[in-house]
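# Build the 3D model from these lines:
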Amino acid sequence: MTQVNEQLIADVVRQVLNSVNGNGGSSPASFGSSSGISAADYPLGVKRKDLLKSPRGIPFDELSLENVESGKVGFEDFRISPEVLKLQGEIASSAGRSQIALNLGRAGELTKVPDVRILEIYNSLRPHRSTKEELLSIADELQSKFGAKVTADFVREAADVYQRRKLLKGDLVSTD
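The predicted structure follows:
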């Protein structure tokens, strides 16, 4: 079994917390607002900590190295939640970044999909890896099993585009 370097973990946790707290983040994205937030609330980790919780519901202010060391919070608490991605999407929308907002919405949907399945789907979406029927089956699974309608629609659209561009499994690949 691999031993975990505790100092490395502590350093990674500090970097994540610094980034989320706005001490190393990127420029603001903006989003439309069903919760009343806007680009003015960016970064959420500084301006609206009260809205942020881990996937298990741990408040943002309790996500600290001390609480990791004491066992009060675990590594799973440092994953982003669908709710936080939705808020980030609202910020993106309010700043006129609709494509970023859509991407954040899809990311929120995908938090419910196991990582292993995400990688399998990613590989299936590579050119010449899947038939149209296989891609449509993936889309149905995403929608029915995980409630990921936007992502399912994206995969359905990809299946149609792959068919038009001859990128499905079994399509001839030109060597010209």
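# Pick out the residue closest to the middle of the chain.
residue 107 (3.1 Å; Cα atoms, centre = their mean).
# tell me the domain ranges of the protein?
Listed by automatic domain parsing, the domain ranges of the chain are 1-111, 112-176.
# now those domains in TSV, with mean pLDDT?
Putting those into TSV (pLDDT from 0 to 100) gives the following:
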stretch	mean pLDDT
domain 1-111	78
domain 112-176	94
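# quick one on the thing from earlier: which other helices and strands contact the helix or strand harbouring the residue nearest to the centre of the chain?
Assignment of secondary structure by DSSP states H and E places residue 107 within helix 98-110. On a contact count with 3 or more Cβ pairs under 8 Å, 6 or more residues apart in numbering; DSSP states H and E, helix 98-110 meets helix 82-94, helix 132-146, helix 149-164. Glycine gets a C-beta too; all of them are placed from N, C-alpha and C.
# try 6 Å
When contacts are defined as 3 or more Cβ pairs under 6 Å, 6 or more residues apart in numbering; DSSP states H and E, helix 98-110 sits against helix 82-94, helix 149-164.
# Identify the residues contacting the residue found closest to residue 131 once you drop the neighbours it is linked to in the chain.
Once flanking residues are discounted, residue 131 sits nearest to residue 169: 5.0 Å by Cβ to Cβ, 6 or more residues apart in numbering. Going by Cβ atoms under 6 Å, 6 or more residues apart in numbering, residue 169 touches 128, 130, 131.
# cool, residue 104 as well?
Per Cβ under 6 Å, 6+ apart, neighbours of residue 104: 85, 88, 89.
# Look up the closest residue to it, ignoring the ones flanking it.
residue 89 (3.7 Å).
# Count the neighbours of residue 93 for me.
Applying other Cβ atoms under 10 Å, we find 23 residues neighbouring residue 93.
# I'd guessed it sits against residue 103; true?
No. With contact defined as Cβ atoms under 6 Å, residue 93 does not reach residue 103; the gap is 11.4 Å.
# The residue nearest to residue 131 and residue 136, how far apart?
Distance, residue 169 to residue 136, by Cβ to Cβ, to the nearest Å: 13 Å.
# same check, this time on residue 158
As for residue 158, its distance to residue 136 is 10 Å (criterion: Cβ to Cβ).
# With residue 127 instead?
Taking Cβ to Cβ, one finds residue 127 at 17 Å from residue 136.
# between those two, which one's more packed in?
Taking other Cβ under 10 Å, residue 127 and residue 136 do not tie; residue 136 has more neighbours (16 against 13).
# burial of residue 74, as a residue count?
Residue 74, neighbours per other Cβ under 10 Å, totals 12.
# Assign the nearest residue to it once chain neighbours are set aside to one of the three secondary structure states.
Leaving aside its sequence neighbours, residue 74 sits nearest to residue 68 (Cβ to Cβ, 6+ apart; 7.4 Å). What DSSP: H, G, I helix; E, B strand; the rest coil gives for residue 68 is helix.
# Before I go, just wanted to say thanks for your time.
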